[in-house]
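In: Here's my sequence, what's the structure:
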Amino acid sequence: MALDDILHRAAPLTPASFDAEAMTVEAVISTFSDVQRRDSRGDYIERLSATGLDLSNLTGAPVLDGHRQGSARDVIGTVTGHRMEGGKLIATIQLSAAPDVASIVTRIREGTLRGVSVGYRVTKWAESIDPATKTRIRTAAAWSIQEVSGVPIPADSGATFRKADSMALDDDTTIQTRAEIRTIARSAALPVEWADAQIDSGATVIEARAAAFAELQTRKAPKIKVGPSHDDPSAMMTRRADALYARVSGTAPSEEAKPFMVETLRDMARAAVEASGNSTRGMDADQLFRAAMHTTSDFPNLLTSTGNRTLMAAYQVAQSPLKQIARQATLADFRPASKLKLSDVGALQELTESGEIKSTTRGEAVESYSLKTYATQFSISRKALINDDLGAFRDWGATAGRMAAETEANVLVALLLSNPIMGEDAQTFFHAAHGNLGTAGALNVANLGLARKAMRGMKGLDKVTPINATPRYLVVGPEQETTAEQVLASIYAATVADVNPFATKLTPLVEPRISGNRWYLFADPADLPCMEYAYLSSAQGPQMASREGWDVLGMEYRVVLDFGAGATDWRGAYLNPGV
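Out: All right, here's what the predicted structure looks like:
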């Protein structure tokens, strides 16, 4: 199947820039341009084949801050769609509303952060030689994109976040701008590729002139390249950590890490000991590992860093869909957190002839929940370290990540199914008095219409002001998954009566821990949060720590998760018990 055919199977998208309301942005994530690389054999050109790209897992892939994978805070969004446009791969990105990534989102929105880079895994390389230049070419013939990152300087110069102003121009203005940019490039003796990059990035004529002037200035002055030190011990250990993670995860290493891919754990332990100023002459493997764990923190930190990255990769993949219907928060401690809700002030009153403004009062309600701590531990034996057995390390780290996500899912599902008592009126979350508990009925368009009508009629704390709750997510268990897909399927109706009004308005979420035929509707938590989950502010997501084993010979690892969830408002939710 051709690449365009694959891409056109995704939901149709239209070009758009940063959408502040939806928190989405479009980005050119790859132009499939050649990139100059270097390995132990010398310089070569790396080429990504568009026809060899597997896009099956791109939708849902994480968007990271500068390819960092050490913490949940490094995730700034998710890829929600993609398409091919003019030989470039375009992705729609849903950015996170979390406070700890707000500064990054601001940079993307204002255009300060423009660069985009992809982290990818190559399963098949093809090597060739350019007959004209005799340059070695390595082509990724079969590969897939694992993550997308916002970066200051991308390897692919055409990979950028799209700007709003460049896509809002009418056709005539766009043609004129492109022509002027190409004229600027010719006048400054700049290559065609430079003009193409300026046009693709959405540069205006003024910005292109400034970029051309800057390019000419660099030609006049000699370039002094300042790179990372190749003998800095901390930099060397960082590259070894990248190489170790590449070996554990099976991903492609960075250019700097490639020389260390052949090193075993014993080699890395030796390097850590020698970097601390101690001799390793005459040490056997057991002595090396003991010295590495006793005389320096570099080697334990290297293992812990790799474990954290393995854990977080598995943790991100196993996220519960219920996190999409809840708002994320952080708490400073383990005391019960009180969430205060205030009613509206009511409609504005007409002034009397004397101009008197009447005061109004606001109702309030308080809901609370607290954090709890969850933990597990595992160990890597001395035998596994000496044998360079990374399989055990990978399996433990991945399992810990999945179990952390499983723990969060269990807490959220337990909260939803427990139908908790609300502090506002001492009634359960779903209750007939709240108007959000429907009569048992099948999941179909008619009953969805009744549920939506009930949510639209919700009133604020003053029981007067309508809040117009809009359903966004349809939550079901496995028994109702197929029915939900059928109900929400987009159909081409022959008559008005056959039109499916929910085809593009509800997003189905399937939670395998929900049994039976019950189904739920939830509003977007950004507009009307009904549930909230939180982490300890100093430890968001699962945290891994290590020490030298005491009960076992080797390394012991501990994974701790501080997590809690609670119901905050019932007005944006609806339950039908199903039949």
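In: can we go C-alpha only for contacts and neighbour counts from here?
Out: Will do.
In: any idea how the protein splits into domains?
Out: As assigned by automatic domain parsing, the chain contains the domains 3-168, 170-214, 233-317, 321-347+361-579.
In: And the helices in this protein?
Out: In the chain, the helices defined using DSSP state H lie at 3-8, 102-110, 164-167, 171-187, 192-200, 205-220, 233-249, 265-275, 285-295, 298-317, 382-386, 390-418, 445-456, 481-488.
In: mean pLDDT for the ones you listed: which is lowest?
Out: Of all the helices of the chain, the minimum mean pLDDT falls on helix 3-8 (a mean of 32).
In: give the contact list for R452.
Out: When contacts are counted by CA atoms under 8 Å, 6 or more residues apart in numbering, R452 touches T470, P471.
In: One more: P259?
Out: Per CA under 8 Å, 6+ apart, neighbours of P259: D39, S40.
In: Likewise for the one 5 residues further on?
Out: Taking CA under 8 Å, 6+ apart, we find T264 in contact with D388.
In: For it, give its distance to R247.
Out: Per CA to CA, to the nearest Å, T264 is found 10 Å from R247.
In: now stretch 561-577: how far from the chain's centre is it?
Out: Between the centre of stretch 561-577 and the centre of its chain there are 23 Å (CA atoms, centre = their mean, to the nearest Å).
In: Ends of stretch 89-109, what's the gap?
Out: One end of stretch 89-109 to the other measures 20 Å (CA to CA).
In: Go ahead and name everything in contact with that stretch.
Out: The contact list for stretch 89-109, computed with CA under 8 Å, 6+ apart, reads 18, 22-31, 63, 73, 76-84, 113-114, 161, 328-329.
In: Swap in 6 Å and give it another go.
Out: The contact list for stretch 89-109, computed with CA atoms under 6 Å, 6 or more residues apart in numbering, reads 23-30, 76-83, 113.
In: Out of the residues you listed, which end up buried?
Out: Among those, those buried by neighbour count (16 or more other CA atoms under 10 Å) are 24-30, 76-83, 113.
In: Looking at these, which one is closest to S297?
Out: I76 (30.3 Å; CA to CA).
In: quick one: the closest one and L331, what's the gap?
Out: Distance from I76 to L331, by CA to CA: 20 Å.
In: can you check A203 too?
Out: Separation of A203 from L331 (CA to CA) stands at 42 Å.
In: got it, and K383?
Out: Separation of K383 from L331 (CA to CA) stands at 41 Å.
In: the more surrounded of the two?
Out: L331 (21 against 12; other CA atoms under 10 Å).
In: what residues are up against the more buried one?
Out: L536, S537.
In: Report the beta-bridge partners for it.
Out: L536 (DSSP bridges).
In: R47 now?
Out: According to DSSP bridges, beta-bridge pairing links R47 with T139.
In: Let me know how buried it is, in neighbour terms.
Out: Per other CA under 10 Å, the neighbour tally for R47 reads 19.
In: Kindly report the same for Y533.
Out: By the criterion of other CA under 10 Å, Y533 has 22 neighbours.
In: That one: what's its closest spatial neighbour, skipping adjacent residues?
Out: Leaving out its chain neighbours, the residue that sits closest to Y533 by CA to CA, 6 or more residues apart in numbering is A565, at 4.1 Å.
In: That neighbour and A98: what is the separation?
Out: For A565, the distance to A98 (CA to CA) stands at 16 Å.
In: Looking at the two, which one has more neighbours?
Out: For the pair A565 and A98, the greater number of neighbours falls to A565 (25 against 16), based on other CA under 10 Å.
In: So for that one, what's the pLDDT?
Out: 93.
In: Distance check, it against C530.
Out: From A565 across to C530, the span is 11 Å (CA to CA).
In: Repeat that for N517.
Out: For N517, the distance to C530 - CA to CA - is 22 Å.
In: ditto for I108
Out: For I108 relative to C530 (CA to CA), the value is 29 Å.
In: what does A291 give?
Out: Look at A291 and C530: by CA to CA, they are 53 Å apart.
In: Neighbour count: those two, which is higher?
Out: C530 (22 against 19).
In: neighbours around the residue lying closest to that one once chain neighbours are set aside, how many?
Out: Nearest residue to C530, sequence neighbours excluded (CA to CA, 6+ apart): D569, at 4.4 Å. Counted with other CA under 10 Å, the neighbours of D569 add up to 21.
In: Do me a favour and get the backbone dihedrals for D569.
Out: phi -160, psi 130 (degrees, to the nearest 10).
In: residue contacts, P336?
Out: Counting by CA under 6 Å, 6+ apart, P336 touches Y369, S370.
In: let's have the chain start at 99 instead
Out: Understood, numbering begins at 99; the last thing we discussed is P434.
In: which sections of the stretch 149-298 of the chain are below the confidence cut-off?
Out: Where the stretch 149-298 of the chain drops to pLDDT under 70, the residues are 261-273.
In: Quick one: the strands in it, in order.
Out: 151-152, 160-163, 173-183, 186-193, 213-227, 234-249 (DSSP state E, counting those that start in this stretch).
In: what's the answer for the stretch 549-677 of the chain, then?
Out: Using DSSP E, counting those that start in this stretch, strands in the stretch 549-677 of the chain cover 569-574, 605-608, 617-621, 629-634, 641-646, 652-665, 671-674.
In: Now render those as JSON lines, adding distance to N155.
Out: Rendered in JSON lines, the data for the strands of the stretch 549-677 of the chain read as follows (distance: least, CA to CA, whole Å):
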{"stretch": "strand 569-574", "distance to N155": "22"}
{"stretch": "strand 605-608", "distance to N155": "18"}
{"stretch": "strand 617-621", "distance to N155": "27"}
{"stretch": "strand 629-634", "distance to N155": "27"}
{"stretch": "strand 641-646", "distance to N155": "27"}
{"stretch": "strand 652-665", "distance to N155": "28"}
{"stretch": "strand 671-674", "distance to N155": "31"}
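In: Select, out of the ones you listed, the one closest to L314.
Out: Of all those, it is strand 641-646 that lies closest to L314, at 48.9 Å by CA to CA.
In: Could I get the phi/psi values of E354?
Out: Dihedral angles (degrees, to the nearest 10) for E354: phi -70, psi -30.
In: Tell me how many other residues surround the closest residue in space to it that isn't next to it in sequence.
Out: Nearest residue to E354 in three dimensions, chain neighbours excluded: R337, at 6.2 Å (CA to CA, 6+ apart). The number of residues packed near R337 is 22, by other CA under 10 Å.
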